[in-house]
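S.K.: coordinates only, sequence not included:
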């Protein structure tokens, strides 16, 4: 079930990946990120539990175009006519979400980060690495995104070239996506940090993108992987800078 983490903002953590729902039961709602391909049934049942059996999202917003966030977005677009919003820089990635830029070979982490193997195994069981390509995305740029809840787009490139966080000033919360996580799926390390270079296009730019994230001054940080951080974004960013890029 979705867990309420801020007013009109709920989280579902499933298979080491977070998805978020914006809205209240009985009203319009939007999904942020679409999890893993094999998690579609879990997410739909959780959404029905929160918004009703006949509820249909107004749309899906992707923080970025990686396979573990694109998930079933293409199916929702094709079968339910749900718009899927992606930053214009990540539209090409969402079309081929299994082929992305990264600084280190993934095999290096598979052979050295034994603690992360259960996470990778869970990804495999849920068909994470083979999402259908998103060929018909709705583009957005830096600035406001017109969806229920009216989040402010915070451009945070580095993990991908079009990565964006979503800031909700009225809820003192920011959905950080993978700009900052509290669980790194490639190392299983916890606490605020960047995602490992196995899945990051430009770690130097990702480190620089922590600055606009910090400027939100949000108290609640909602990452793409790992539990929420409630001790303020400045503290989370300080921890991430100290941890560096694995």
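M.R.: That came through, no problem. Model, not experiment: these values are computed from the prediction.
S.K.: name the next helix or strand following the helix-or-strand element of the chain with minimal mean pLDDT along the chain.
M.R.: Ranked by mean pLDDT, DSSP states H and E, the weakest helix or strand in the chain is helix 106-112, scoring a mean of 71. Downstream of helix 106-112, the next assigned helix or strand under DSSP states H and E is helix 117-125.
S.K.: in that next one, which residues are buried?
M.R.: Within helix 117-125, the residues that count as buried by 16 or more other C-beta atoms under 10 Å are 119-120, 122-123. All C-beta atoms are positioned from the backbone trio N, CA, C, and that covers glycine.
S.K.: the strands in the chain, which residues?
M.R.: For the chain, strands defined by DSSP state E occupy the ranges 3-6, 9-14, 17-23, 29-32, 59-61, 84-87, 138-140, 152-155, 164-168, 173-177, 181-183, 190-193, 220-223.
S.K.: separation between residue 166 and residue 87?
M.R.: Noted for residue 166: a distance of 11 Å to residue 87, by C-beta to C-beta, to the nearest Å.
S.K.: shared neighbours of the two, anything?
M.R.: residue 153 (C-beta atoms under 8 Å, 6 or more residues apart in numbering).
S.K.: run the chain-centre distance for stretch 16-35.
M.R.: 11 Å (C-alpha atoms, centre = their mean, to the nearest Å).
S.K.: still on that earlier bit, closest one to residue 93 among the strands of the chain?
M.R.: Each of the strands of the chain has some distance to residue 93 by C-beta to C-beta; the shortest is strand 84-87, at 8.3 Å.
S.K.: pick the most deeply packed of the strands of the chain.
M.R.: strand 173-177 (a mean of 30; mean count of other C-beta atoms under 10 Å).
S.K.: I'd like to know which elements that strand is packed against.
M.R.: Counting contacts by 3 or more C-beta pairs under 8 Å, 6 or more residues apart in numbering; DSSP states H and E, strand 173-177 is packed against strand 164-168, strand 220-223.
S.K.: what does it contact?
M.R.: For strand 173-177, the external contacting residues (C-beta under 8 Å, 6+ apart) are 5-6, 9, 20, 32-33, 63-64, 69, 151, 154, 156, 159, 163-168, 213, 216, 218-224, 233.
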